[in-house]
Structure formats: C-alpha cells, structure tokens
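Chemist: Predicted coordinates and the sequence they were generated for:
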Amino acid sequence: MYIWKWLARRVSRVLGHPSSTRLLDWVAGELDGRLQAATSGHVFTCTKCQRETERIRALLARSSAALDYAAAPPSAEHAVERLPELLRNQALIRATQERYRQERALRLAAVLRPYLGQYPLSLLERSESGEYVPRACRLAGLFLGSQAAAALTDVPGLEAARPEGHIP
Amino acid sequence: MSLTANTTAWMALAHDGGSALTLRWVSQASRWPWLIFAVATAAAVGGGAGWAILGYPAGAASFWWRVGAVSLTMLAFGEYILCLACWRFFEQGAPLRRGWLFLTLAAGVRAAGVTVAALTGGFGIDSGSMASGRTVHAAATWGLGLAIANPLTTGLSLAGLCYVLKTCREGGLLRKPSPGEVGFLVPLVLFLGARSFTALRSAAGVPGAAGLLSGASALAGPLLGLFLAAAVLLCRPVQQMGEGLIARCWGASIAAAFLTVAGVLGNWATSAGYLPWQYGIFNSLAWLLAATAFTLAPAHQVEAVVRARHPWLRSS
C-alpha cells in the first residue's frame, strides 16, 4: 500500500497535472482502479487540481440542474411567472428584426436612388413590411437587367424576387 | 451588325470585363452627345458670325449644312451602338430587351438614312448650288427630316416605347392616366384613327406600288402622333422616378419625341410656304437637338448599367 502511494506521488510528479478530461472522469468515478488511485493521490496533494476539480463539480451541478429543468416541465405557476419575461423577449426580438428590415430597406432605397430616383423611397412608404426588398429588387431587375440589379442590391433572395420567365 | 456587335464586345458593355479606362469612358457616355451638340452649335454660331461679318450667306449656309451632316451622322451611329449595347444588357424574355431591340432597329434605320441624307444633302450643297436657294434647301431639309422621322423609324420607336410602357406597368409605375392625360390622348387617338383610316382607304383605292407607298407615307403622321402619345404616357413614370439615370434615359426619349414632332412641323410649314425657306436652317437645330436626345437615351441607360455593375465607378 505504501509502495502504491509512493508510486502515485512519483508518477504525478513525473507526468505533471492530469488533464481536464481525466479529472472529469475522476470526479465521475469512471477511471479504472489504479488510475483512480493515482489521480486521487495527485489531487489530494495538488491545490491547482483541487480548484479544477471544484470547478468541474460546479459545472456538473449546473448542467444536471438544467437537464432536470428540461426533463421536467415547469409548473403552471412558474410558467405564468415567466410569461411577461418571455413576451418582452419576443417583442424585443420582433422590434430588432423590424428595425433591421427597415435599415436594410432604407439602405437599398439609397443604393437605388442614383438609378431609379425617388421612386424606391416612395415605394418604401407604400409597401408592407417585408415586401419592399423583393419589390425593389424586381424593379431594379426590370430597368437595369438582372446582372446589374444583383450587383447593386446584393440581396441573396433576388432570384426569388425576380418575375417569372424573365431570367433564362 | 457584326461590326457593331464586335464594337460593343470590345467596349465590354455586355460583359463584366473590360479595361478600367474603357469602363470609365463608357460610364460617362452621356457627355459625348452633349459634346458633339456643343461643337456643332459652336460651329453654327461661328458660321453665323461669318455670315454677319462677310455678308456671304451661301458660304455660311453650306458650312452649316456640312457641320450638321457630320454631327448628325456621328450622333446617329453613336445612338445605334449604344442601343445595341443596351439590348445586350438585358436577358432573354425581359420586356426592356425587346424594347431596346426595336429602338436599336430604329436607330439603325435612322443611321442609314442620316448617312444617305448627309451625303446627298449635307455634302451635296456647296456655295454654287446655294444660289438656287429655296429649292435646294427645301430638298435637303426634307431629306434630313425623312431620315430621322420616317414611318419605319417612327413605327419601330413606337414599338420600343410600348415595351418601355409595359415595363413601367410591371414595375407599378404606370397607373390610370390622369384627367389631363385623358383629355390630351382621347382626341389625339380619335384624330389619328380617322387619319389612318383615310390613309389606308386612299392607299387601297390606288392600284400598284405607288398607292402602297403613298399610303405608307400618309401613315407617317398618325404613327408620329402615336409615338407622341406613348411619350406623353411615359411622362408620369419619369416624373415619379425623379432625377435618376433611368428617368433621364426615358426623359431624353420623351424630349426626342417632342423635338421630332417640332422638326416635322417645321419642315411641313417651310415646304407649305407658311414659313420662309431660311427657317429650314433654324429648323435643323430642332433635328440636331432631337438626334442628341435620341442618343442621350441609350447613353444614360449604358451609364446606369455600367455603374451598377462596377461599384468602383459609382463615385465617379
């Protein structure tokens, strides 16, 4: 027994600190006997590995808590408590998406202005949210040709926005 | 056709390649018609000054005719090459491709006609022949007008503008005509319909080719009227677009239609004796302006497409 402890200390000194993966296996108790004992010998004597082990334990605890939450659906009361927060998040996401869409539409109108003048801007005022970009791209394709429109608008969905039968 | 096709290919108008210098030159294509117009006008003013100083109208008039012939020929061939480039910019099936095809054909016929008119009229007139004055002038002016606005060029240009109107309708730019437009167009169409019917009846009544020819020439007026009507309908889409390059392109076409009508009316008034034959010299300015406008239309389209395809040209 004394020899094993002595050997573990020697091995840990020679090989240095065990890897995070081995420490994770050690915490989970999944190492084979001799390696488990050697790692235990190192961890009990090394403050750095003790800190790393604590960190792994905390991480595992958080993960299992999250898994428990996902596996067991929250109670109705809990869901009701979280509802305003969820709604606020969704509203924020929607507002951000709308702002992004508007900025994109304004950028497109500014890009098209030297070619199609004020019309893209007046089209923007008349268009419903989300339908402006395809309409503006289609307009650019009609008056400038699809190659020039694609170079100008640089919108990935241009192919879908083009009128049928106009592109070979 | 192949010569001009090669020219456009060399200019890299229909491809993404091309040297930076060529592309920069092409991206400012609308400056060249104005330059030709300015040089021709300056030369005409110089001729006028010569007339005033030397008191030799025959020499000044023949000088004017030669300047006009050269500048009109240059503008007509420039228009043809630029129209051809515009036609190649658009894909198969696009309405504007068909529109530019008709406008290219019209430009080709116009270029051929102007060349013939310049050779027979512009360079045929010298100081000696000017002595006969009115007859020579009237023939030359009539030939010039016929070269620019004959039934064939007018019909082809009308077909081209119809496709442009179709494109405007697809783009949501052409809506119901305003009351003012209806008030202008309905009497015009009724008059043109009656005139066409009369022309066709007279053509059918006279047997042989002469009858058909006279019928075709009688259709020139109604065709020109329809061309004007299409130009009027195109005004509102151009107004909606404002100051863009495409608006300038079709705005130049509208101006060309109105100037052509002004030139035809001037020719008619001179040949009918309502105006003195000397007015023909001033009327040639309307033809020069019309030719410049016809050339500016494809030049602006070329500018727009080349600048759109090459982002580094957009700031220039």
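Modeler: Received it, and whenever you're ready, just let me know what you need.
Chemist: ok, which residues in chain B are in contact with chain A?
Modeler: Within chain B, the positions near chain A by CB under 8 Å from any CB of the partner chain are B:16, B:89-96, B:167, B:170-173, B:240-247, B:304-305, B:307-311, B:314. (Each C-beta comes from the backbone N, C-alpha and C, glycine too.)
Chemist: Repeat the analysis, applying 7 Å as the threshold.
Modeler: When proximity is defined by CB under 7 Å from any CB of the partner chain, chain B lies next to chain A at B:89-94, B:96, B:167, B:170-171, B:173, B:240-247, B:304-305, B:308-309.
Chemist: Now, of those residues, which are buried?
Modeler: Buried by 16 or more other CB atoms under 10 Å in any protein chain shown: B:89-91, B:94, B:96, B:167, B:170-171, B:173, B:240-241, B:244-247, B:304-305, B:308-309, out of the residues of chain B next to chain A.
Chemist: quick one: which of the residues you listed sit in helices?
Modeler: B:89, B:96, B:167, B:170, B:240-241, B:245-247, B:304-305, B:308-309 (DSSP state H).
Chemist: Now the two most distant members of those residues.
Modeler: Pairwise distances among those were taken by CB to CB; the largest, 24.5 Å, belongs to B:Gln240 and B:Arg309.
Chemist: Right, and chain B sits closest to which residue of chain A?
Modeler: Using CB to the nearest CB, the closest approach of chain A to chain B is made by A:Gly117 at 3.2 Å.
Chemist: how near is A:Ser129 to B:Gln301?
Modeler: 32 Å (CB to CB, to the nearest Å).
Chemist: Looking at these two now, which is surrounded by more residues?
Modeler: B:Gln301 (32 against 10; other CB atoms under 10 Å in any protein chain shown).
Chemist: from memory that one sits against B:Cys86, does it?
Modeler: Yes - counting by CB atoms under 7 Å, B:Gln301 does reach B:Cys86; the two are 4.7 Å apart.
Chemist: So which residue is smack in the middle of chain A?
Modeler: Geometric centre of chain A, nearest residue: A:Ile93, 14.7 Å, by CA atoms, centre = their mean.
Chemist: For that one, give me its contacts.
Modeler: Applying CB atoms under 7 Å, 6 or more residues apart in numbering or on different chains, we find A:Ile93 in contact with no residue.
Chemist: any idea how far whatever helix or strand it lives in is from the chain center?
Modeler: A:Ile93 belongs to helix A:76-116 when assigned by DSSP states H and E. Computed by CA atoms, centre = their mean, to the nearest Å, the chain-centroid distance of helix A:76-116 equals 18 Å.
Chemist: What of stretch B:65-72?
Modeler: The answer for stretch B:65-72 is 15 Å, by CA atoms, centre = their mean.
Chemist: residues in contact with stretch B:24-39?
Modeler: B:11, B:13, B:71, B:74-75, B:78, B:82, B:288, B:292, B:295-296, B:299-300, B:302-303, B:306-307, B:313, B:316.
Chemist: now the helices: where do they sit in chain A?
Modeler: Counting by DSSP H, the helices of chain A are A:2-15, A:20-28, A:33-45, A:47-71, A:76-116, A:119-126, A:132-144, A:146-153, A:158-161.
Chemist: go on, the stretch 1-150 of chain B?
Modeler: B:2-10, B:20-26, B:31-54, B:57-89, B:95-117, B:134-148 (DSSP state H, counting those that start in this stretch).
Chemist: Save those helices as TSV, and put in mean pLDDT too.
Modeler: TSV is the format used below for these (pLDDT from 0 to 100):
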stretch	mean pLDDT
helix B:2-10	53
helix B:20-26	80
helix B:31-54	82
helix B:57-89	83
helix B:95-117	91
helix B:134-148	68
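Chemist: Can you lay out those as a markdown table showing distance to B:Phe227?
Modeler: Formatted as a markdown table, the helices of the stretch 1-150 of chain B follow (distance: least, CB to CB, whole Å):
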| stretch | distance to B:Phe227 |
| --- | --- |
| helix B:2-10 | 24 |
| helix B:20-26 | 28 |
| helix B:31-54 | 20 |
| helix B:57-89 | 16 |
| helix B:95-117 | 10 |
| helix B:134-148 | 12 |
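Chemist: can you tell me how far the closest residue to B:Ser71 other than its chain neighbours sits from B:Leu75?
Modeler: Ranked by CB to CB, 6 or more residues apart in numbering or on different chains and with sequence neighbours excluded, the top spatial neighbour of B:Ser71 is B:Ala40, at 3.7 Å. For B:Ala40, the distance to B:Leu75 equals 9 Å [CB to CB].
Chemist: more neighbours, the two?
Modeler: B:Leu75 (27 against 24).
Chemist: now what about stretch B:223-240, what contacts it?
Modeler: A:119, B:149, B:151, B:154-155, B:157-158, B:161-162, B:164-165, B:168, B:173-174, B:177, B:181, B:184-185, B:188-189, B:192, B:247, B:250-251, B:253-254, B:257-258, B:261, B:264.
Chemist: Tell me which of those residues fall in helices.
Modeler: Among the contacts of stretch B:223-240, the members that lie in helices (by DSSP H) are A:119, B:151, B:154-155, B:157-158, B:161-162, B:164-165, B:168, B:181, B:184-185, B:188-189, B:192, B:247, B:250-251, B:253-254, B:257-258, B:261, B:264.
Chemist: Tell me the backbone dihedrals of residue 30, please.
Modeler: Since no chain was named, I'll use chain A. With angles defined as degrees, to the nearest 10, A:Glu30 sits at phi -110, psi 10.
Chemist: if you could check chain B rather than the one you did, that'd help
Modeler: phi -70, psi -10.
Chemist: Mind pulling the model confidence for the residue lying closest to it once chain neighbours are set aside?
Modeler: Excluding the flanking residues, the one nearest B:Ser30 by CB to CB, 6+ apart is B:Ala299, at 4.3 Å. Here the pLDDT value assigned to B:Ala299 is 95.
Chemist: count of neighbours near B:Ala299?
Modeler: Neighbour number of B:Ala299 under other CB under 10 Å is 29.
Chemist: Now for it, which secondary structure element holds it?
Modeler: Assigned by DSSP H and E, B:Ala299 belongs to helix B:279-309.
Chemist: ok now that helix, how far from the chain's centre?
Modeler: For helix B:279-309, the distance to the chain centre is 7 Å (CA atoms, centre = their mean).
Chemist: If you count contacts, what does that helix end up packed against?
Modeler: The contact analysis (3 or more CB pairs under 7 Å, 6 or more residues apart in numbering or on different chains; DSSP states H and E) places helix B:279-309 against helix A:132-144, helix A:146-153, helix B:20-26, helix B:31-54, helix B:57-89, helix B:134-148, helix B:245-271.
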